[in-house]
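A.B. asks: Need coordinates for the following:
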Amino acid sequence: MARRSAARRRRRNASVSAGANGGSDGASGSADASRSPVQAQQLQRHGSRDSGNCTPRTQNAAPQAQGGVSRSDGGGGGGAHLSAFDADTVAMVNEALDAQDIARLRQLAYDRGLVGRELRQKVWPLLLGLRAHTRSSDGGDGNRRPRVPPHPEGSATSEPCGSESAGDESDERCDEFKLSTSGRELLYGEDEYERWHTAQHRDSQVVVVDVERSLWSFTPRMSDAKRDILRAQLRRLLNAVVGRYADLDPGRQVYYYQGLHDVASVLLLALGSEAAAFPLLCALVTRGLLRDATRATLEPVLQLLQLLWPLLAYSDSALCAQLRASGLPPYFALGWLLTWFSHDVHSLPHACRLFDALIASHPLTPLYLGVAMLSSDGPLRRTLSAAGDDMPALHAALSHLAPGSGSGGGS
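C.D. replies: Below is the predicted model of the structure:
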């Protein structure tokens with residue numbers, strides 16, 4: 001009986017509409033933290049063709065799916081035909097969800113990507129260590145309620161969030177998100193979000209300025225009125241996350257940095273609501289993946305950038321020698337770690353596919369991915385070769401990488 005029920009559930013999810021799902025393409029690699037630049041290169045080459053409906057869509061054309069089946073992916077309505085690859089992905093992800101196999105979900109998110117909003121709503125929280133609970137038929141709680149860390153506790157060199165060794169001590173004063181009784185709709189800590197979304201903090205004005213010039217890339221056909229509504233949601237989301245941790249002891253506070261709004265905008269658009277994005281962004285800025293960037297200074301991130309040189313020397317010794325000879329410091333890679341390339345990736349489906357992999361990975365994965373892009377043959381590599389030791393030209397080319405686009409981006 002249980003097997004037949006699971007099979008029916010997989011068939012149901014394999015025929016989802018465009019309002020909830022879209023496509024993803026495969027990427028070679030594993031879900032551990034020791035991927036080589038070559039493995040990251042495979043992700044940037046093949047792993048960003050996601051035409052999932054991460055938001056009310058504004059782009060006309062959907063990328064071609066693996067298997068040659070294109071999908072119409074409009075703004076939340078109309079039917080869509082999944083490729084065989086995507087249908088298999090949906091089935092595999094739902095099977096892993098049924099089994100609560102986090103390791104398998106992590107592998108699928110990195111290797112194949114997730115397929116649309118509904119799966120991301122379910123899987124991203126689990127990959128960040130947020131455990132959902134369902135309500136039993138008698139109205140009681142079926143599982144322990146999920147938690148968001150009450151204070152910062154991680155870094156790129158600490159245990160990745162969601163790992164088994166993280167323990168339960170960080171769950172003491174935390175938010176919850178819930179699964180509805182049907183198990184299909186996530187209702188994330190809305191009460192907790194309401195407490196914080198109007199919070200004022202030391203960086204409130206910086207948030208206002210950054211948000212006012214945001215969301216252009218992902219909403220090119222959206223009306224100004226609708227974009228303003230999204231910006232108001234983004235502003236509240238950022239204020240809630242930063243304000244929630246602003247009054248703790250200095251070593252435990254979360255500081256806003258320019259670029260956090262780029263990450264938050266992808267979460268907001270991918271998940272569909274600010275309350276849904278709230279616990280995930282809290283986890284990102286406090287439990288490892290973005291924690292080093294939200295400390296009082298960016299010095300921890302600048303130290304991590306020094307790892308770029310040995311990685312590049314291993315992957316492309318000639319390019320490494322060229323860049324070192326030019327005297328170029330590795331600050332061009334700062335945005336890779338701060339924004340996960342989302343400032344320069346202009347396709348929301350590409351950004352969602354990229355976040356699938358990065359949320360499932362070690363905090364240093366953006367550095368590996370950037371190095372893989374620098375080492376690959378293509379227009380970027382030729383641009384770097386032509387630049388020689390021209391430091392401004394090199395910095396301009398290196399600081400606007402856009403995985404999956406085949407070229408650099410822009411603001």
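A.B. asks: Okay, strands next: where are they in the protein?
C.D. replies: Applying DSSP state E to the chain gives strands spanning 177-179, 186-188, 401-402, 407-408.
A.B. asks: Could you tell me the least trusted of those strands?
C.D. replies: Least confident of the strands of the chain, judged by mean pLDDT, is strand 177-179 with a mean of 33.
A.B. asks: burial measure for residue 119, as a count.
C.D. replies: 27 (other Cβ atoms under 10 Å). From N, CA and C alone the C-beta is placed, and that goes for glycine too.
A.B. asks: And for residue 256?
C.D. replies: Residue 256 has 23 neighbours, counted by other Cβ under 10 Å.
A.B. asks: Do I have it right that it meets residue 203?
C.D. replies: Yes. At 3.8 Å, residue 256 counts as touching residue 203 under the criterion of Cβ atoms under 8 Å.
A.B. asks: what residues are shared contacts of those two?
C.D. replies: residue 242 (Cβ atoms under 8 Å, 6 or more residues apart in numbering).
A.B. asks: correct me, but residue 293 touches residue 338?
C.D. replies: Yes. Contact criterion Cβ under 8 Å: residue 293 and residue 338 qualify, at 5.3 Å.
A.B. asks: Mutual contacts of these two, please.
C.D. replies: 257, 259-260, 301.
A.B. asks: Which two of the residues you listed have the greatest separation?
C.D. replies: Spatial extent of the shared contacts of residue 293 and residue 338 (Cβ to Cβ) is set by the pair 260 and 301 at 12.3 Å.
A.B. asks: Between these two, which has more neighbouring residues?
C.D. replies: residue 260 (26 against 21).
A.B. asks: What does the pLDDT read for the more buried one?
C.D. replies: pLDDT, residue 260: 96.
A.B. asks: That one and residue 298 touch, don't they?
C.D. replies: No. Contact criterion Cβ under 8 Å: residue 260 and residue 298 do not qualify, at 11.8 Å.
A.B. asks: Poorly predicted segments of the stretch 101-250 of the chain, please.
C.D. replies: Applying pLDDT under 70 to the stretch 101-250 of the chain picks out residues 131-189.
A.B. asks: Tell me which other helices or strands the helix of greatest length in the chain touches.
C.D. replies: Ordering each helix of the chain by length in residues (DSSP state H) puts helix 224-244 first. For helix 224-244, the contact count by 3 or more Cβ pairs under 8 Å, 6 or more residues apart in numbering; DSSP states H and E identifies helix 190-196, helix 204-212, helix 260-271, helix 274-286 as packing neighbours.
A.B. asks: Output those as a markdown table; include the columns distance to residue 402.
C.D. replies: Formatted as a markdown table, the helices and strands packed on helix 224-244 follow (distance: least, Cβ to Cβ, whole Å):
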| stretch | distance to residue 402 |
| --- | --- |
| helix 190-196 | 31 |
| helix 204-212 | 20 |
| helix 260-271 | 12 |
| helix 274-286 | 21 |
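A.B. asks: quick one, which of those is nearest to residue 319?
C.D. replies: Nearest of these (Cβ to Cβ): helix 260-271, 26.6 Å.
A.B. asks: Against residue 121, how distant is residue 83?
C.D. replies: From residue 83 across to residue 121, the span is 21 Å (Cβ to Cβ, to the nearest Å).
A.B. asks: For the two, indicate the residue with more neighbours.
C.D. replies: Each of residue 83 and residue 121 has its neighbours counted (other Cβ under 10 Å); residue 121 has more, 24 against 21.
A.B. asks: For that one, give its distance to residue 114.
C.D. replies: Distance, residue 121 to residue 114, by Cβ to Cβ: 10 Å.
A.B. asks: repeat for residue 95
C.D. replies: 14 Å.
A.B. asks: What's the local residue count around the closest residue to residue 199 other than its chain neighbours?
C.D. replies: Spatial nearest neighbour of residue 199, chain neighbours left out: residue 243 (2.5 Å); criterion: Cβ to Cβ, 6 or more residues apart in numbering. Residue 243: 23 surrounding residues under other Cβ under 10 Å.
A.B. asks: State the distance from residue 128 to residue 360.
C.D. replies: Per Cβ to Cβ, residue 128 is found 10 Å from residue 360.
A.B. asks: cool, and residue 316?
C.D. replies: 26 Å.
A.B. asks: the more surrounded of the two?
C.D. replies: residue 360 (26 against 20).
A.B. asks: which non-adjacent residue is nearest that one?
C.D. replies: According to Cβ to Cβ, 6+ apart, the nearest residue to residue 360 is residue 109 (3.9 Å).
A.B. asks: Contacts only, for the one you found.
C.D. replies: Contact partners of residue 109, counting by Cβ under 8 Å, 6+ apart, are 31, 123, 127, 356-357, 359-360.
A.B. asks: mind listing which of these are in helices?
C.D. replies: 123, 127, 356-357, 359.
A.B. asks: what's the most distant pair in those residues?
C.D. replies: Farthest pair in these, by Cβ to Cβ: 123 and 357, 12.2 Å.
A.B. asks: which of the two has more neighbours?
C.D. replies: Using other Cβ under 10 Å, the more surrounded residue of residue 123 and residue 357 is residue 357, with 29 against 23.
A.B. asks: Relative to residue 343, how far out is the more buried one?
C.D. replies: For residue 357, the distance to residue 343 equals 17 Å [Cβ to Cβ].
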